[in-house]
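Student: My questions concern the predicted model and sequence given below.
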Amino acid sequence: MPKFGDVILAEMQFVDTLDIKQRPAMVLFEEYGNVVVAGITSNLEMKGISLSKKEGAVKDSVIKLNYIFTISEKMIKKALFSLAYEKKELIASELLKRLV
């Protein structure tokens, strides 16, 4: 069962095409087999929360809090790693700022 702060590899459809690719994402929450995730990119020019190789990423990346979507739990190919408590606190704080 995926939980907040888990970084996963999942099949995702891109917004501007019908292509489906395996991409990393960070789990925000899971409910009834639906998993809400934030996309992750290695494009360091994008805005978001930094994610380093030291934290477990394949390469330095960015968690895009402006790219949130829902996938089926069946689309998850594997769990990669879980974020440290401090990083999860930062992400929760940044998300809360956007919601209020």
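Tutor: Nice, I can see it. Numbers count the residues shown, from 1 in each chain.

Student: which residue sits closest to residue 73, ignoring its sequence neighbours?
Tutor: Of all residues not flanking residue 73 in the chain, residue 33 sits nearest, at 4.6 Å (C-beta to C-beta, 6 or more residues apart in numbering). Glycine gets a C-beta too; all of them are placed from N, C-alpha and C.

Student: same deal with residue 56?
Tutor: Here the residue nearest residue 56, using C-beta to C-beta, 6+ apart, is residue 81, at 3.5 Å.

Student: measure the one you found to residue 94 for me?
Tutor: 20 Å (C-beta to C-beta, to the nearest Å).

Student: same thing with residue 1?
Tutor: From residue 1 to residue 94 the distance is 24 Å (C-beta to C-beta).

Student: Pull out the buried positions in stretch 39-58.
Tutor: The neighbour-count check on stretch 39-58 (16 or more other C-beta atoms under 10 Å) flags 39, 40, 41, 48, 49, 51, 57 as buried.

Student: For stretch 61-69, C-alpha coordinates in PDB please.
Tutor: What follows is stretch 61-69, C-alpha atoms only, in PDB (Å, rounded to 0.1, in the frame of the first residue of the first chain):
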ATOM      1  CA  SER A  61      15.400  15.900  -9.800                       C
ATOM      2  CA  VAL A  62      12.400  18.100  -8.900                       C
ATOM      3  CA  ILE A  63       9.100  17.100  -7.300                       C
ATOM      4  CA  LYS A  64       6.500  19.100  -9.200                       C
ATOM      5  CA  LEU A  65       3.800  20.200  -6.800                       C
ATOM      6  CA  ASN A  66       2.000  21.800  -9.700                       C
ATOM      7  CA  TYR A  67       1.700  18.500 -11.500                       C
ATOM      8  CA  ILE A  68      -0.700  16.400  -9.400                       C
ATOM      9  CA  PHE A  69      -2.800  13.600 -10.800                       C
END
